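K.L.:
Please work out how this folds:
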Amino acid sequence: MAIITVEAVFDTEKQKVWEAITNPEVMKIWYFNISNFNLSIGNEFSFYETDGTTYLHQCKVLNFEENKLLQHTWTHPEQSKGSSVLTWKIEELGEKAKVILTHEGVETFADAGPNFAIANYEMGWNALVKTSLRNYLYGIKKMVFNQDIKASAETVWNKMWNKESYTEWTTPFCAGTYFTGEIELGSRIHFIAPSFEGMYSDVFYLIPNKLIIFKHIGMLKDLKELPIDAETEKWTGSFETYKLNEVGGITTVTAEIDCVPEYIDYMNEKFPLALQELKKISEKK
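P.N.:
Numbering: from 1, shown residues only. Got it, this is the predicted structure:
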């Protein structure tokens with residue numbers, strides 16, 4: 001039997017983790033919208049993926065121990081005859097909480113095709129526990145900004161990631177900022193301010209002219225990558241996403257960023273200004 005295991009330690013009390021995995025109002029912030037979940041043995045609950053229509057999940061609570069353990073079945077009745085068991089465990093480590101997620105029996109979903117491969121579950125659970133849950137616990141907010149631009153997606157994309165025009169449209173954040181590295185899948189990018197400080201990130205996902213996802217790793221000082229320290233650990237692995245959708249000569253740019261609490265006001269002020277600069281240089285004849 002295949003067993004997926006994901007472990008993470010968070011600088012928070014175990015009660016907050018427990019609420020995150022058992023309170024439906026909290027779960028829909030970082031996990032799934034599960035309106036019929038309640039904490040009782042035998043409770044059957046169901047939910048879809050984030051768009052509300054894809055991949056029905058049906059589950060039943062098997063066991064729980066407050067602030068320590070939650071266990072339930074996990075099935076995909078519309079795609080597979082298989083059944084699996086998902087277990088959340090919470091351990092107290094001094095003033096921190098250790099989360100251990102195990103998912104047993106994923107191989108029984110082989111009849112549902114490649115989208116249900118074990119590797120996809122491993123990737124998904126790692127992202128949910130180590131990024132989505134972490135972001136909720138640490139108050140990291142997903143912020144979304146949109147801008148319509150009268151230009152082709154190819155034109156907008158080129159203005160975004162040409163190194164000279166990148167410095168132009170990002171001026172509202174910091175005049176003179178630039179990046180090194182190539183916009184290619186898996187490439188390491190350094191985002192650098194004139195002070196030679198900044199952030200290093202990886203190109204996590206890429207569809208040219210349509211989508212790019214940066215995975216932020218750590219900080220730069222004097223152009224050198226600093227090791228991950230306790231403060232960086234709270235946000236490393238956060239994402240910054242840009243989506244481009246062209247319809248009738250208008251390209252809508254959607255920027256989604258995982259933002260730490262202390263920068264929320266700053267991003268609310270600066271990001272719209274930066275996208276307006278991108279619009280200006282992209283529409284320039």
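
K.L.:
Point me to the helix or strand that includes residue 87.
P.N.:
Using DSSP states H and E, residue 87 sits in strand 84-93.

K.L.:
right, and the helix or strand after that strand?
P.N.:
Following strand 84-93 in sequence, per DSSP H and E, is strand 96-104.

K.L.:
Please compute how far the following helix or strand past that next one lies from its chain's middle.
P.N.:
For strand 96-104, the following helix or strand on the C-terminal side (DSSP H and E) is helix 118-127. Its chain's C-alpha centre and that of helix 118-127 lie 13 Å apart, by Cα atoms, centre = their mean, to the nearest Å.

K.L.:
Does anything pack onto the helix or strand following helix 118-127? Which helices or strands?
P.N.:
Elements were assigned by DSSP H and E; along the chain past helix 118-127, the next helix or strand is helix 134-137. On a contact count with 3 or more Cβ pairs under 8 Å, 6 or more residues apart in numbering; DSSP states H and E, helix 134-137 meets strand 3-10, helix 14-22, helix 24-30. Yep, even glycine has a C-beta here, placed from its N, CA and C like the rest.

K.L.:
before we move on, the earlier item: just checking, what packs against the strand holding residue 87?
P.N.:
In this structure, strand 84-93 packs against helix 14-22, strand 69-74, strand 96-104, with contacts taken as 3+ Cβ pairs under 8 Å, 6+ apart.

K.L.:
ranges for the helices of the stretch 101-250 of the chain?
P.N.:
Along the stretch 101-250 of the chain, counting by DSSP state H, counting those that start in this stretch, helices occupy 118-127, 134-137, 153-161, 163-169.

K.L.:
hang on, the earlier thing: in CSV: the helices and strands packed on strand 84-93, plus mean neighbour count and mean pLDDT.
P.N.:
Supplementary listing: these in CSV, determined by neighbours: other Cβ atoms under 10 Å; pLDDT from 0 to 100:
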stretch, mean neighbour count, mean pLDDT
helix 14-22, 18, 97
strand 69-74, 18, 98
strand 96-104, 18, 97
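
K.L.:
So for stretch 217-229, mean pLDDT?
P.N.:
Stretch 217-229 shows a mean pLDDT of 97.

K.L.:
which other residues reach it?
P.N.:
Contacts to stretch 217-229, defined as Cβ atoms under 8 Å, 6 or more residues apart in numbering, come from residues 190-192, 196-202, 232, 236-237.

K.L.:
follow-up on the earlier one: need the helices and strands packed on helix 134-137 in CSV (columns: distance to residue 247).
P.N.:
Shown next, in CSV, are those (distance: least, Cβ to Cβ, whole Å):
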stretch, distance to residue 247
strand 3-10, 39
helix 14-22, 38
helix 24-30, 30
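
K.L.:
per-residue pLDDT, residue 51?
P.N.:
Value listed for residue 51 in the pLDDT field: 61.

K.L.:
cool, residue 285 as well?
P.N.:
In this prediction, residue 285 has a pLDDT value of 71.

K.L.:
What's the separation between it and residue 252?
P.N.:
21 Å (Cβ to Cβ, to the nearest Å).

K.L.:
So those two - more neighbours on which side?
P.N.:
residue 252 (15 against 2; other Cβ atoms under 10 Å).

K.L.:
How about that one: which residues does it bridge to?
P.N.:
residue 148, residue 245 (DSSP bridges).

K.L.:
Pull the contacting residues for it.
P.N.:
Residue 252 sits next to 146, 147, 148, 149, 244, 245, 246 when contact means Cβ under 8 Å, 6+ apart.

K.L.:
Tell me, how many residues neighbour the closest residue to residue 103 other than its chain neighbours?
P.N.:
When the adjacent residues along the chain are set aside, residue 103 lies closest to residue 4, with 4.3 Å between them (Cβ to Cβ, 6 or more residues apart in numbering). Look at residue 4: counted by other Cβ under 10 Å, it has 19 neighbours.

K.L.:
Residue 4 contacts residue 109, doesn't it?
P.N.:
No - counting by Cβ atoms under 8 Å, no contact exists between residue 4 and residue 109, whose distance comes to 12.0 Å.

K.L.:
sorry, back to before: filter the contacts of stretch 217-229 down to the buried ones, ChimeraX style.
P.N.:
Applied in ChimeraX, the following selects the buried portion of these according to 16 or more other Cβ atoms under 10 Å:
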select :190,191,192,197,198,199,200,201,202,236,237
